[in-house]
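Novice: Requesting a structural model of the entry that follows:
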Amino acid sequence: MIVRKKIHILILAASLTGGMLYLSCTSTPGKGTPQSIRFAVLNNTSPQSPYAAFPESVPAALAQIQHLNPVFIMHTGNIIHGGFSWMGIRIADMEKQYQQFFSHAKNLSSLVYTTVGPLDALDGDTSLYSRYTDHAPYYSFNYGNTHFVVLNSNEKKPAGISPTQYSWLTKDLEESSLCCTIMVFIYHCPLNKPRGRNSRPEPAFQDGAKLHELFTLYGVTSVFSSDGKRRSSFSHEKVTYNQLPCVFPEKKGYGRNNQYYIIDAAGENTDITEHSIY
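Specialist: Here you go, the predicted model:
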(Lines give C-alpha, C1' and ligand atoms only; values in the text may rest on other atoms or scores of the structure.)
Protein backbone atom coordinates (compact mmCIF):
# COMPACT_ATOMS: atom_id res chain seq x y z
CA MET A 1 0.00 0.00 0.00
CA ILE A 2 1.42 3.35 -1.02
CA VAL A 3 0.05 6.51 0.54
CA ARG A 4 1.15 9.97 -0.57
CA LYS A 5 0.24 13.06 1.37
CA LYS A 6 1.34 16.64 0.81
CA ILE A 7 1.38 19.01 3.78
CA HIS A 8 2.64 22.49 2.97
CA ILE A 9 6.02 21.77 1.33
CA LEU A 10 6.67 18.51 3.14
CA ILE A 11 6.18 15.48 0.86
CA LEU A 12 6.04 12.04 2.41
CA ALA A 13 5.58 8.62 0.84
CA ALA A 14 4.67 5.85 3.26
CA SER A 15 4.49 2.09 2.87
CA LEU A 16 3.56 -0.37 5.59
CA THR A 17 5.32 -3.72 5.27
CA GLY A 18 5.38 -6.31 8.00
CA GLY A 19 4.46 -3.71 10.63
CA MET A 20 7.31 -1.42 9.58
CA LEU A 21 6.46 2.14 8.58
CA TYR A 22 8.97 3.47 6.08
CA LEU A 23 8.91 7.08 4.89
CA SER A 24 10.97 8.42 2.01
CA CYS A 25 11.11 11.09 -0.67
CA THR A 26 8.84 10.82 -3.68
CA SER A 27 11.87 11.86 -5.75
CA THR A 28 15.64 11.85 -5.38
CA PRO A 29 16.49 15.06 -3.49
CA GLY A 30 20.05 15.52 -4.71
CA LYS A 31 22.85 17.34 -2.91
CA GLY A 32 22.33 20.95 -3.95
CA THR A 33 22.10 23.76 -1.41
CA PRO A 34 21.16 22.77 2.15
CA GLN A 35 17.56 23.64 2.89
CA SER A 36 16.88 25.57 6.07
CA ILE A 37 14.40 24.13 8.55
CA ARG A 38 13.17 24.88 12.05
CA PHE A 39 12.04 22.04 14.29
CA ALA A 40 11.49 21.51 18.01
CA VAL A 41 12.79 18.73 20.25
CA LEU A 42 11.37 17.66 23.61
CA ASN A 43 11.48 14.45 25.64
CA ASN A 44 10.99 12.86 29.06
CA THR A 45 7.46 14.18 29.46
CA SER A 46 6.52 11.01 31.35
CA PRO A 47 4.65 11.54 34.66
CA GLN A 48 6.39 10.61 37.90
CA SER A 49 4.36 7.39 38.10
CA PRO A 50 2.12 5.38 35.73
CA TYR A 51 -0.90 6.55 37.70
CA ALA A 52 -0.15 10.30 37.87
CA ALA A 53 -1.32 13.04 35.53
CA PHE A 54 1.12 14.93 33.34
CA PRO A 55 2.60 18.01 35.04
CA GLU A 56 1.22 21.36 33.91
CA SER A 57 4.60 22.15 32.39
CA VAL A 58 3.93 19.67 29.52
CA PRO A 59 0.92 21.44 27.92
CA ALA A 60 2.56 24.80 28.74
CA ALA A 61 5.68 23.81 26.78
CA LEU A 62 3.61 22.58 23.84
CA ALA A 63 1.72 25.88 23.78
CA GLN A 64 4.99 27.85 23.69
CA ILE A 65 6.35 25.66 20.90
CA GLN A 66 3.22 26.35 18.85
CA HIS A 67 3.97 30.09 18.87
CA LEU A 68 7.51 29.50 17.57
CA ASN A 69 6.10 27.83 14.45
CA PRO A 70 8.48 24.89 13.83
CA VAL A 71 7.89 22.73 10.76
CA PHE A 72 7.69 19.70 13.01
CA ILE A 73 8.04 18.66 16.65
CA MET A 74 10.16 15.62 17.48
CA HIS A 75 9.51 13.92 20.81
CA THR A 76 12.71 11.98 21.40
CA GLY A 77 11.41 9.46 23.91
CA ASN A 78 9.70 8.72 27.23
CA ILE A 79 6.35 10.20 26.29
CA ILE A 80 4.69 8.25 29.09
CA HIS A 81 5.64 6.21 32.17
CA GLY A 82 5.60 2.56 31.12
CA GLY A 83 8.13 -0.12 31.87
CA PHE A 84 7.50 -3.70 33.01
CA SER A 85 4.44 -5.62 34.10
CA TRP A 86 6.28 -7.01 37.14
CA MET A 87 6.29 -3.42 38.42
CA GLY A 88 2.49 -3.49 38.43
CA ILE A 89 2.15 -1.41 35.26
CA ARG A 90 -0.87 -2.36 33.15
CA ILE A 91 -1.78 -1.70 29.54
CA ALA A 92 -4.77 0.34 30.71
CA ASP A 93 -2.45 2.64 32.71
CA MET A 94 -0.31 3.27 29.63
CA GLU A 95 -3.30 3.79 27.34
CA LYS A 96 -4.64 6.46 29.66
CA GLN A 97 -1.31 8.29 29.60
CA TYR A 98 -1.04 8.16 25.80
CA GLN A 99 -4.57 9.50 25.51
CA GLN A 100 -3.78 12.34 27.91
CA PHE A 101 -0.57 13.33 26.12
CA PHE A 102 -2.13 13.43 22.67
CA SER A 103 -5.10 15.37 24.00
CA HIS A 104 -2.55 18.06 24.91
CA ALA A 105 -0.95 17.84 21.45
CA LYS A 106 -4.11 17.62 19.33
CA ASN A 107 -4.30 21.36 18.58
CA LEU A 108 -0.71 21.71 17.38
CA SER A 109 -0.38 22.93 13.81
CA SER A 110 3.12 21.46 13.44
CA LEU A 111 3.65 17.84 12.45
CA VAL A 112 4.45 15.63 15.45
CA TYR A 113 7.01 12.83 15.17
CA THR A 114 8.12 10.53 17.98
CA THR A 115 11.09 8.41 19.03
CA VAL A 116 10.47 5.43 21.29
CA GLY A 117 12.05 5.71 24.74
CA PRO A 118 12.59 3.01 27.39
CA LEU A 119 9.42 4.07 29.24
CA ASP A 120 7.19 4.06 26.14
CA ALA A 121 6.92 0.25 25.95
CA LEU A 122 5.60 -2.52 28.20
CA ASP A 123 8.01 -5.43 28.69
CA GLY A 124 9.83 -4.25 25.56
CA ASP A 125 6.69 -4.45 23.41
CA THR A 126 6.23 -1.27 21.36
CA SER A 127 2.85 -2.15 19.83
CA LEU A 128 0.97 0.24 22.14
CA TYR A 129 3.46 3.00 21.29
CA SER A 130 2.90 2.45 17.56
CA ARG A 131 -0.88 2.37 17.96
CA TYR A 132 -1.03 5.76 19.66
CA THR A 133 1.80 7.56 17.85
CA ASP A 134 1.08 6.08 14.39
CA HIS A 135 4.83 5.48 14.04
CA ALA A 136 6.90 2.32 13.89
CA PRO A 137 9.76 1.95 16.39
CA TYR A 138 12.15 3.10 13.63
CA TYR A 139 11.45 4.96 10.40
CA SER A 140 12.67 7.86 8.25
CA PHE A 141 11.33 10.87 6.37
CA ASN A 142 12.54 13.80 4.28
CA TYR A 143 12.10 17.53 4.26
CA GLY A 144 13.38 18.84 0.93
CA ASN A 145 16.96 17.56 0.60
CA THR A 146 17.33 16.79 4.33
CA HIS A 147 16.87 13.19 5.44
CA PHE A 148 15.75 12.39 9.01
CA VAL A 149 16.17 8.97 10.60
CA VAL A 150 14.43 7.86 13.80
CA LEU A 151 15.96 4.87 15.62
CA ASN A 152 14.92 2.60 18.49
CA SER A 153 17.84 2.13 20.90
CA ASN A 154 15.81 0.01 23.35
CA GLU A 155 16.03 -3.38 21.64
CA LYS A 156 18.83 -4.53 23.96
CA LYS A 157 19.68 -3.88 27.61
CA PRO A 158 20.85 -1.38 28.73
CA ALA A 159 20.65 -0.05 25.16
CA GLY A 160 21.21 -1.25 21.63
CA ILE A 161 19.64 -2.11 18.28
CA SER A 162 18.75 -5.46 16.73
CA PRO A 163 20.42 -6.91 13.61
CA THR A 164 17.13 -6.37 11.78
CA GLN A 165 17.11 -2.65 12.60
CA TYR A 166 20.81 -2.33 11.71
CA SER A 167 20.16 -3.89 8.29
CA TRP A 168 17.22 -1.56 7.74
CA LEU A 169 19.34 1.45 8.75
CA THR A 170 22.14 0.47 6.37
CA LYS A 171 19.70 0.16 3.48
CA ASP A 172 17.96 3.43 4.40
CA LEU A 173 21.24 5.38 4.51
CA GLU A 174 22.42 3.83 1.24
CA GLU A 175 19.22 4.92 -0.48
CA SER A 176 19.54 8.41 1.00
CA SER A 177 23.19 8.99 0.08
CA LEU A 178 22.26 11.77 -2.36
CA CYS A 179 20.55 13.82 0.35
CA CYS A 180 22.32 17.05 1.23
CA THR A 181 21.96 16.54 5.00
CA ILE A 182 21.21 13.50 7.17
CA MET A 183 20.11 13.82 10.80
CA VAL A 184 19.37 11.06 13.32
CA PHE A 185 17.10 10.95 16.38
CA ILE A 186 17.70 8.28 19.04
CA TYR A 187 16.99 8.10 22.77
CA HIS A 188 20.44 6.89 23.85
CA CYS A 189 23.51 8.70 22.53
CA PRO A 190 25.76 6.09 20.82
CA LEU A 191 28.96 7.70 22.14
CA ASN A 192 29.97 9.17 25.48
CA LYS A 193 31.28 12.71 25.51
CA PRO A 194 35.12 12.74 25.60
CA ARG A 195 36.50 13.39 29.08
CA GLY A 196 39.42 15.50 27.87
CA ARG A 197 40.35 17.68 24.92
CA ASN A 198 42.64 15.05 23.42
CA SER A 199 40.62 11.94 24.33
CA ARG A 200 38.36 9.99 22.00
CA PRO A 201 34.70 9.33 22.77
CA GLU A 202 33.96 5.80 23.94
CA PRO A 203 30.88 3.80 22.88
CA ALA A 204 28.01 4.37 25.30
CA PHE A 205 26.59 0.89 24.63
CA GLN A 206 27.53 -2.25 22.72
CA ASP A 207 26.27 -1.08 19.32
CA GLY A 208 27.45 2.51 19.72
CA ALA A 209 30.70 2.06 17.80
CA LYS A 210 29.15 0.37 14.79
CA LEU A 211 26.39 2.96 14.65
CA HIS A 212 29.00 5.72 14.60
CA GLU A 213 30.89 3.91 11.82
CA LEU A 214 27.69 3.76 9.79
CA PHE A 215 27.02 7.45 10.44
CA THR A 216 30.48 8.46 9.23
CA LEU A 217 30.29 6.16 6.19
CA TYR A 218 27.07 7.75 4.94
CA GLY A 219 27.70 11.33 5.97
CA VAL A 220 25.32 11.78 8.90
CA THR A 221 25.82 15.35 10.11
CA SER A 222 23.91 15.48 13.42
CA VAL A 223 22.58 13.06 16.02
CA PHE A 224 20.02 14.16 18.63
CA SER A 225 19.46 12.13 21.81
CA SER A 226 17.58 12.45 25.10
CA ASP A 227 19.74 10.77 27.71
CA GLY A 228 22.18 12.52 30.01
CA LYS A 229 21.67 14.87 32.92
CA ARG A 230 22.44 18.08 31.04
CA ARG A 231 22.73 19.40 27.54
CA SER A 232 25.99 18.69 25.76
CA SER A 233 27.32 18.69 22.20
CA PHE A 234 30.51 17.25 20.78
CA SER A 235 31.81 16.29 17.34
CA HIS A 236 33.69 13.17 16.34
CA GLU A 237 34.80 12.40 12.78
CA LYS A 238 32.44 15.02 11.31
CA VAL A 239 29.38 13.74 13.21
CA THR A 240 27.97 16.12 15.84
CA TYR A 241 26.25 14.49 18.81
CA ASN A 242 23.70 16.60 20.68
CA GLN A 243 22.38 15.35 24.01
CA LEU A 244 19.25 17.40 24.71
CA PRO A 245 17.55 16.11 27.88
CA CYS A 246 14.38 17.75 29.16
CA VAL A 247 12.93 17.93 32.67
CA PHE A 248 9.26 18.66 33.35
CA PRO A 249 8.79 19.73 36.98
CA GLU A 250 5.49 19.36 38.77
CA LYS A 251 5.53 23.04 39.67
CA LYS A 252 7.76 26.09 39.93
CA GLY A 253 10.65 26.16 42.35
CA TYR A 254 12.63 23.12 41.17
CA GLY A 255 15.39 25.13 39.54
CA ARG A 256 15.83 26.02 35.90
CA ASN A 257 15.59 23.08 33.53
CA ASN A 258 15.02 22.94 29.79
CA GLN A 259 11.57 21.83 28.66
CA TYR A 260 12.30 21.96 24.92
CA TYR A 261 14.80 23.05 22.29
CA ILE A 262 14.37 24.90 19.01
CA ILE A 263 16.73 23.83 16.24
CA ASP A 264 17.35 26.03 13.21
CA ALA A 265 19.33 23.97 10.74
CA ALA A 266 20.77 24.36 7.26
CA GLY A 267 23.18 21.59 6.36
CA GLU A 268 26.01 21.39 8.87
CA ASN A 269 25.02 24.76 10.38
CA THR A 270 22.81 23.96 13.35
CA ASP A 271 21.71 26.49 15.95
CA ILE A 272 20.16 25.01 19.12
CA THR A 273 18.25 27.26 21.53
CA GLU A 274 17.30 26.11 25.03
CA HIS A 275 13.85 27.00 26.33
CA SER A 276 12.35 26.87 29.80
CA ILE A 277 8.77 27.79 30.63
CA TYR A 278 9.77 28.98 34.14
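Novice: which element follows the helix or strand hosting residue 141 toward the C-terminus?
Specialist: Using DSSP states H and E, the element containing residue 141 is strand 139-143. Next helix or strand after strand 139-143 toward the C-terminus (DSSP H and E): strand 146-150.
Novice: pLDDT on that following strand, on average?
Specialist: Across strand 146-150, pLDDT averages out at 97.
Novice: Give the other helices and strands that that strand contacts.
Specialist: strand 111-114, strand 139-143, helix 163-175, strand 181-185 (3 or more C-beta pairs under 8 Å, 6 or more residues apart in numbering; DSSP states H and E). Where you see a C-beta, it was placed from the backbone N, CA and C, and this is true even at glycine.
Novice: for whatever helix or strand residue 67 lives in, which positions count as buried?
Specialist: Taking DSSP H and E as the definition, residue 67 sits inside helix 57-68. Residues of helix 57-68 classed as buried under the neighbour-count rule (16 or more other C-beta atoms under 10 Å) are 57-59, 61-62, 64-66.
Novice: Same question for stretch 150-161.
Specialist: Under 16+ other C-beta under 10 Å, the buried positions of stretch 150-161 are 150-155, 159-161.
Novice: Mean neighbour count, the helices and strands packed on strand 146-150: which tops it?
Specialist: Each of those was scored by mean neighbour count; the highest is strand 181-185, a mean of 24, by mean count of other C-beta atoms under 10 Å.
Novice: Save the helices and strands packed on strand 146-150 as CSV, and put in distance to residue 275 and mean pLDDT too.
Specialist: What follows is the helices and strands packed on strand 146-150, written out as CSV (distance: least, C-beta to C-beta, whole Å; pLDDT from 0 to 100):
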stretch, distance to residue 275, mean pLDDT
strand 111-114, 17, 97
strand 139-143, 21, 96
helix 163-175, 30, 97
strand 181-185, 18, 97
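Novice: And those: which comes nearest residue 41?
Specialist: Using C-beta to C-beta as the measure, strand 181-185 is the one of the helices and strands packed on strand 146-150 that comes nearest residue 41, at 7.9 Å.
Novice: and the spatially most central residue of the chain, what pLDDT?
Specialist: The chain has residue 76 as the residue nearest its centroid, 3.2 Å off, counting by C-alpha atoms, centre = their mean. Predicted confidence (pLDDT) for residue 76: 98.
Novice: show me what contacts residue 236?
Specialist: 191, 194, 200-201, 212 (C-beta atoms under 8 Å, 6 or more residues apart in numbering).
Novice: Can I get those residues in TSV including distance to residue 105?
Specialist: Output for those, formatted as TSV (distance: C-beta to C-beta, whole Å):
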residue	distance to residue 105
191	31
194	36
200	40
201	34
212	32
